[in-house]
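# just to be clear, the model below is a prediction. Sequence and coordinates:
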Amino acid sequence: IFTRSLIKKLLTYATGRHMERSDHYEIDDILGRVKADHYGLRTIVTEVLTSKSFRSR
């Protein structure tokens, strides 16, 4: 729950907009990759900055 919230807050801050229902799929994808890498903070930040939401803001 904490990691999902952190990802959502970082995406909100990085994109300058609130996350919508359609963004939850991307959050789930990011969470899966972060979980596979043992919840590293560097991985969270990298995944947020390379996400489609951030790149197309």
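Arrived safely. Residues are numbered from 1 along each chain as shown.
# when you work out contacts or count neighbours from here on, use the C-alpha atoms and nothing else.
Will do.
# all helices for the chain, in order.
Counting by DSSP state H, the chain has helices at residues 2-15, 24-36, 41-49, 52-55.
# buried sites along the worst-scoring helix or strand of the chain on mean pLDDT?
The helix or strand of the chain with the poorest confidence is helix 52-55; it has a mean of 94 (mean pLDDT, DSSP states H and E). Residues of helix 52-55 classed as buried by neighbour count (16 or more other C-alpha atoms under 10 Å): 53-54.
# and the residue nearest to the spatial centre of the chain, what is it in contact with?
A centroid search over the chain (C-alpha atoms, centre = their mean) returns residue 7, at 3.9 Å, as the residue closest to the centre. By C-alpha atoms under 8 Å, 6 or more residues apart in numbering, residue 7 lies in contact with 27, 30-31, 44, 48.
# mean pLDDT for the helices of the chain: which is lowest?
Note on those: helix 52-55 shows the lowest mean pLDDT, a mean of 94.
# output that one as CSV - backbone C-alpha positions only.
Output of helix 52-55 as CSV, limited to C-alpha atoms (Å, rounded to 0.1, in the frame of the first residue of the first chain):
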residue,chain,number,x,y,z
LYS,A,52,4.3,7.0,-20.4
SER,A,53,2.4,9.4,-18.2
PHE,A,54,5.5,11.4,-17.4
ARG,A,55,6.9,11.3,-21.0
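# so residue 15 touches residue 50, yeah?
No: with contacts counted by C-alpha atoms under 8 Å, residue 15 stays clear of residue 50, the gap being 11.8 Å.
# on that earlier part again, against residue 56, how distant is the residue nearest to the centre of the chain?
17 Å (C-alpha to C-alpha, to the nearest Å).
# and if you look at residue 14?
Distance of residue 14 to residue 56, given as C-alpha to C-alpha: 11 Å.
# more neighbours, these two?
residue 14 (15 against 7; other C-alpha atoms under 10 Å).
# didn't the more buried one look like it was pressed against residue 54?
Yes: under the criterion of C-alpha under 8 Å, residue 14 makes contact with residue 54 at 6.5 Å.
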